[in-house]
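**Q** everything below, folded, please.
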Amino acid sequence: MSWTRRQVTAASAAAALSAVLPKGARAQRRSPGDSSMTADLILTNGRFATLDRGNPNPPAVAMADGKFLAVGTEQEVRAHAGPATKIVDLKGRRAIPGLIDSHMHIIRGGLNYNMELRWDGVRSLATALRMLKEQVDRTPAPQWVRVVGGFTEHQFVEKRLPTLDEINAIAPDTPVFILHLYDRALLNAAALRVVGYDKRTPNPPGGEIARDRNGNPTGLLLAQPNASILYSTLAKGPKLPPEYQKNSTRHFMREVNRLGVTGVIDAGGGFQNYPEDYRIVEELHAAGELTVRIAYNLFTQKPKEELADFKSWSGQVKPGQGDDLYRHNGAGEMLVYSAADFEDFRVARPELPASMESDLEPVVRLLAANRWPWRLHATYDETISRALDVFEKVNRDIPLTGLHWFFDHCETISDRNIDRIAALGGGVAIQHRMAFQGEYFVERYGARAAERTPPIQRMLKSGLSVGAGTDATRVASYNPWVSLSWLVTGKTLGGLTLYPSQNRLGREQALRLWTEANTWFSTEPGKKGQIKVGQLADLAVLSDDYFSIPEDEIQDITSVLTVLGGKIVHAAGDFGDLAPPLPPPTPDWSPVKHYGGYHARGGSHAQSMAAVSLGGGHACSVHHHAHRWNNSVPASNPDAFWGAFGCSCWAF
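**A** Have a look, this model is predicted:
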């Protein structure tokens, strides 16, 4: 096992501290639940959904040394209070274990977050275009304005994307790049000039540059079905300098903390190179500035050189290497490029090349021999069948028993393949991509086929490991409550009901997929995912009670207090004075500074704004900043109505 200088230093410091502490003190700090142990943080008067069936709904918890020390009655928990213990009254609010996203691209997303104008949650195209115009006006040359996924045209009341004419009118000189899922990108004329696309530029394999009658690019890029044209074009834009990337990553982590997320399994990603693009997150880890636990997978970047990548990486890092905050998790979601089936339901299912099995087998053999867990992107059942042929063949020579490998996505998986995965001891990580693309799937394959996309209840009944996530930041939003809403209601963001009741989940069942179930996918069962003595002290106190609010309002939940390892990493509302400091977003023109992240439909933010006098210069009672009131307030349109108030940070 190779050790970094940071790991050696940390281990030496821990050994030195252990040597100077009295023997009794060392034993005490290792024994959560010991009645003589003093808590660092106590939360009282709450309703804790622990997901521990032996202790399901206690009113108080105590935390020490990063773990839950006591979970029980007020009296039992307060027995651990000492002079330095922070005690917080939750005032009857619902609390849950910290949410864990089993599939997100948080490392890549963090490097770019401060540059991106997010349309996640925006419910009208008119509002989205207003935001675009404002951001164009403040963005200096040679920077681009980027809207990089996380939304679908179906969430807009207008049910359409902007036209190229609209984008060019808004931004005649500033490059604009708008990514819609993994099916298309819209570029204005300025962006086409910067990236150098003209009538002589050939279409790349699997992609199309749309052209006018004279052969000139129009600005529409299409995945047909390969999304590489979208990735590669985006990669031509300017990057943030390292110090800004650190700030950007911290703001993205705080944003997901605001939504109750305390853990992420990072699935790698296109143009996310190891170790270069991991240095920022590693530096934040070394500085003690991570506010999300990250288990990262390594994603090969070189078609035809995948085996060489994994041979090299297997000599550099081992699965599990790291600590509870930042650790290696294995290979994928890309193992070989010939096995990639792209999830654009606007086009026909791609046929994978005949070489897929021969490309995949040596990589899987290498991983199995080195006991590396892996994950494999697979949208369609046909891909899963062929991959399982390889996995079963390898298993005959190198048993996969005890190795946490799994498929991602699996929208069209068959019962037969579910059973094959279960027989091999594998799992499936599902994401809410259908909440964004369900309408396109129904258009192509019909409503009946969409009822099992994926067949979640059938997976659970088979006994295989199932977890949930988002696949953010590009093909879907990072908001976990949109995923939980989709699991419970079976609806898309556009309001289309996809699933019959037998393929939806109850609220507790859905929450378990976002907490304890996801620990299997990072090989950490029993370490986190519940509010239970001895587990890592990660939890979220919610803005509304997930278990009792109307189904349609689940997607609007946020966290008012998020705790990671017994430390508060986000606080808002009644608990706002407990919020840890965070430097302002950089650069100064960052969209995050002006709009924040996920956009609320209304709720507490809207109500707070309604309570503010409509005179100029009054501060928002939630965020304590001045508002820029618009002259025209379209009260007949609720979405446009709240947007017209012009709250400049949209923090909720």
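**Q** switch to C-alpha atoms for all contacts and neighbour counts from now on
**A** Noted.
**Q** can you report how many residues neighbour R458?
**A** Neighbourhood size, R458 [other CA atoms under 10 Å]: 17.
**Q** no wait, V157
**A** The number of residues near V157, taken as other CA under 10 Å, comes to 16.
**Q** okay, the closest residue to it other than its chain neighbours and T152: tell me how far apart.
**A** For V157, ignoring the flanking residues on the chain, the nearest one in space by CA to CA, 6 or more residues apart in numbering is S124 at 5.2 Å. Between S124 and T152 the distance, using CA to CA, to the nearest Å, works out to 11 Å.
**Q** what does G576 give?
**A** In this structure, G576 lies at 32 Å from T152, with CA to CA as the measure.
**Q** which of these two has more neighbours?
**A** The neighbour count for G576 versus T152, taken as other CA under 10 Å, is higher for T152 (27 against 14).
**Q** the more buried one against G438, yeah?
**A** No: counting by CA atoms under 8 Å, T152 does not reach G438; the two are 10.3 Å apart.
**Q** okay, stretch 442-452 in CSV with CA atoms only?
**A** Only the C-alpha atoms of stretch 442-452 are listed here, as CSV (Å, rounded to 0.1, in the frame of the first residue of the first chain):
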residue,chain,number,x,y,z
VAL,A,442,-42.9,7.6,-23.8
GLU,A,443,-42.9,9.3,-27.2
ARG,A,444,-40.5,6.6,-28.5
TYR,A,445,-41.5,3.4,-26.6
GLY,A,446,-44.9,4.1,-25.2
ALA,A,447,-46.5,4.6,-21.8
ARG,A,448,-46.6,0.8,-21.0
ALA,A,449,-42.9,0.3,-21.5
ALA,A,450,-42.2,3.4,-19.3
GLU,A,451,-43.9,1.8,-16.3
ARG,A,452,-40.7,-0.2,-15.6
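**Q** could you pull out the buried residues of that stretch?
**A** Buried positions in stretch 442-452, judged by neighbour count with 16 or more other CA atoms under 10 Å: 442, 447, 450-452.
**Q** mind checking how far that stretch is from the chain centre?
**A** A distance of 26 Å separates the centroid of the chain from that of stretch 442-452, by CA atoms, centre = their mean, to the nearest Å.
**Q** show me the contact partners of it.
**A** Stretch 442-452 is touched from outside by 345-346, 411-412, 438, 441, 498-500, 503, with contacts defined as CA atoms under 8 Å, 6 or more residues apart in numbering.
**Q** next step: the residues you listed restricted to strands.
**A** The subset of those located in strands under the criterion DSSP state E is empty.
**Q** can you pick the most crowded of those residues?
**A** Taking other CA under 10 Å to define a neighbour, the member of these with the most is L498, carrying 26 neighbours.
**Q** so who does it touch?
**A** By CA under 8 Å, 6+ apart, L498 lies in contact with 438, 447, 450-451, 490-492.
**Q** just put those residues in CSV and tack on secondary structure and distance to R420.
**A** Formatted as CSV, the entries for the contacts of L498 read as follows, by DSSP: H, G, I helix; E, B strand; the rest coil; distance: CA to CA, whole Å:
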residue, secondary structure, distance to R420
G438, helix, 27
A447, helix, 26
A450, helix, 22
E451, coil, 21
G490, coil, 26
K491, strand, 29
T492, coil, 29
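**Q** can I get those in CSV including pLDDT?
**A** Rendered in CSV, the data for the contacts of L498 read as follows (pLDDT from 0 to 100):
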residue, pLDDT
G438, 98
A447, 98
A450, 98
E451, 98
G490, 98
K491, 98
T492, 98
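**Q** ok, back up a step: for the residue nearest to V157, give its distance to F156.
**A** With the distance defined as CA to CA, S124 ends up 4 Å from F156.
**Q** repeat for S414
**A** Between S414 and F156 the distance is 33 Å, computed by CA to CA.
**Q** same question for N329.
**A** From N329 across to F156, the span is 37 Å (CA to CA).
**Q** the more surrounded of the two?
**A** Remark: of N329 and F156, N329 carries more neighbours, 28 against 21, as counted by other CA under 10 Å.
**Q** which stretch of helix or strand covers the more buried one?
**A** Assigned by DSSP states H and E, N329 falls within strand 326-331.
**Q** what are the contacting residues of the next helix or strand after that strand?
**A** On the C-terminal side of strand 326-331, the closest following helix or strand by DSSP H and E is helix 356-369. The set of residues that contact helix 356-369 without belonging to it, under CA under 8 Å, 6+ apart, is 306-307, 310-311, 331, 335-336, 338-339, 373-374, 386-387, 390-391, 394, 398-400, 403.
**Q** and stretch 49-60, by the same measure?
**A** With CA under 8 Å, 6+ apart, stretch 49-60 has contacts from 42-48, 71-74, 77, 94-97, 512, 530-532.
**Q** buried residues in it?
**A** 49-51, 56-60.
**Q** what is the nearest of those residues to R433?
**A** Minimum distance to R433 across the buried residues of stretch 49-60 is 26.1 Å, recorded for L51 (CA to CA).
**Q** need phi/psi at that closest one.
**A** Here is the backbone geometry of L51 (degrees, to the nearest 10): phi 60, psi 10.
**Q** what of T489?
**A** Backbone phi and psi, for T489 under degrees, to the nearest 10, turn out to be phi -90, psi -20.
**Q** also L536?
**A** Taking degrees, to the nearest 10, you get phi -60, psi 130 for the backbone angles of L536.
**Q** what bridges to it?
**A** Assessed by DSSP bridges, L536 has beta-bridge partners K67.
**Q** that one against F68, yeah?
**A** Yes: in this structure, L536 sits in contact with F68. The criterion is CA under 8 Å, and the distance is 6.3 Å.
**Q** list the contacts of stretch 223-230.
**A** The list of residues contacting stretch 223-230 from outside it, by CA under 8 Å, 6+ apart, reads 179, 182-185, 204-208, 221-222, 342-344, 347, 350.
**Q** buried subset of these as a ChimeraX selection?
**A** To isolate the buried members of the contacts of stretch 223-230 in ChimeraX, using 16+ other CA under 10 Å:
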select :179,182,183,184,185,207,208,221,222,342,343,344,350
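**Q** which ones among the contacts of stretch 223-230 map onto strands?
**A** For the contacts of stretch 223-230, membership in strands holds for 179, 184-185, 207-208, 221-222, with DSSP E as the criterion.
**Q** going by neighbour count, list what's buried in stretch 202-220.
**A** Of the residues in stretch 202-220, those with enough neighbours to count as buried (16+ other CA under 10 Å) are 207-209, 217-220.
**Q** check stretch 371-381 too.
**A** Within stretch 371-381, the residues that qualify as buried are 371-381, counting by 16+ other CA under 10 Å.
**Q** what's the answer for stretch 475-495, then?
**A** The neighbour-count criterion (16+ other CA under 10 Å) identifies 475-494 as the buried residues of stretch 475-495.
**Q** with E411 as the reference, measure out to D381.
**A** Computed as CA to CA, the D381 to E411 distance reads 8 Å.
**Q** gap between A128 and E134?
**A** Shown here: A128 relative to E134, a distance of 10 Å by CA to CA.
**Q** make that A571, sorry
**A** Noted for A571: a distance of 29 Å to E134, by CA to CA.
**Q** those two: which has the busier surroundings?
**A** For the pair A571 and E134, the greater number of neighbours falls to A571 (22 against 13), based on other CA under 10 Å.
**Q** so what's the more buried one up against?
**A** 258, 559-562, 577-580.
**Q** which of those residues ranks first by neighbour count?
**A** Neighbour counts for the contacts of A571 were taken using other CA under 10 Å; the highest belongs to T562, with 33 neighbours.
**Q** how much space separates the closest residue in space to it that isn't next to it in sequence from H404?
**A** What sits nearest to T562 in space, not counting adjacent residues and going by CA to CA, 6+ apart, is A540, at 4.4 Å. Distance, A540 to H404, by CA to CA: 27 Å.
**Q** low pLDDT regions in the stretch 551-652 of the chain?
**A** Within the stretch 551-652 of the chain, the set of residues satisfying pLDDT under 70 comprises 602-652.
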